[in-house]
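**Q** sequence first, then the predicted structure, then my questions.
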Amino acid sequence: MLEEFFNSRAGERITSLIGFVFPFCQANAFFGQQVLCTTENATFNTFFKTHLVNPLMVFYSSPWNYLIIFVFMIALFDICVRKRLPLNLFTRFNIIQAILLEVLCTFLAQAYGQTSFVFKTSAIGELFCNAAYFGIMAAILYCVLMILNGRYARIPVISEGARLNIQRWR
């Protein structure tokens, strides 16, 4: 029964989309405060602060929650690379691609966090935040649209890394 769902087209696409929740949440938790909550529109700021950014920031601020997510991502990566569940190649590729996007988002957030206050408040710091946030969101949107069309998304370095991880354990 479970294997039939994973191998059906709808199950294949839904399972592939689930992995992109992690980079979406992480990008909003780390860069959402600087990007979404600094506009001139007070209603827009309040909406995103109360419904998206603050709940994610509170969740990600706990070291235990962050550790649980990290362990879950490692387990999910291991499951997809070593074929421990009856997932097809399309689903495994997309989940690994989502995990690699999440790793990229974490790297960008940690690099931004290690910079000085002067850099963070400068125009270059704002440009870095906007580029990181909208770059991750554009990659997620592109991947989601390609998955819904039943095609493989091609992101230059990320897709090659996902393909190499899938190919190693076929």
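**A** It's in. Numbering: from 1, shown residues only.
**Q** so which elements touch the host helix or strand of residue 93?
**A** In this structure, residue 93 sits in helix 89-113 according to DSSP states H and E. Counting contacts by 3 or more Cβ pairs under 8 Å, 6 or more residues apart in numbering; DSSP states H and E, helix 89-113 packs against helix 9-18, helix 21-35, helix 63-82, helix 123-148, helix 156-168. Any C-beta I mention is one placed from the backbone N, CA and C, and that applies to glycine too.
**Q** give the buried residues for the third one.
**A** Judged by neighbour count using 16 or more other Cβ atoms under 10 Å, the buried positions of helix 63-82 are 69, 73, 76, 77, 80, 81.
**Q** closest one of these to residue 113?
**A** Minimum distance to residue 113 across those is 17.1 Å, recorded for residue 69 (Cβ to Cβ).
**Q** how near is the closest one to residue 24?
**A** 13 Å (Cβ to Cβ, to the nearest Å).
**Q** can you give me the pLDDT of the residue nearest in space to the middle of the chain?
**A** Geometric centre of the chain, nearest residue: residue 23, 1.4 Å, by Cα atoms, centre = their mean. According to the prediction, residue 23 has pLDDT 91.
**Q** residue contacts, it?
**A** 98, 101, 102, 104, 105, 136, 139, 140 (Cβ atoms under 8 Å, 6 or more residues apart in numbering).
**Q** so what's the residue count around residue 9?
**A** Residues near residue 9, counting by other Cβ atoms under 10 Å, number 9.
**Q** pretty sure it contacts residue 150?
**A** Yes - counting by Cβ atoms under 8 Å, residue 9 does reach residue 150; the two are 7.1 Å apart.
**Q** can you tell me which of the helices and strands packed on helix 89-113 is most buried?
**A** Comparing the helices and strands packed on helix 89-113 by mean neighbour count (mean count of other Cβ atoms under 10 Å), helix 21-35 comes out on top with a mean of 21.
**Q** could you point out which element follows that one?
**A** helix 42-48.
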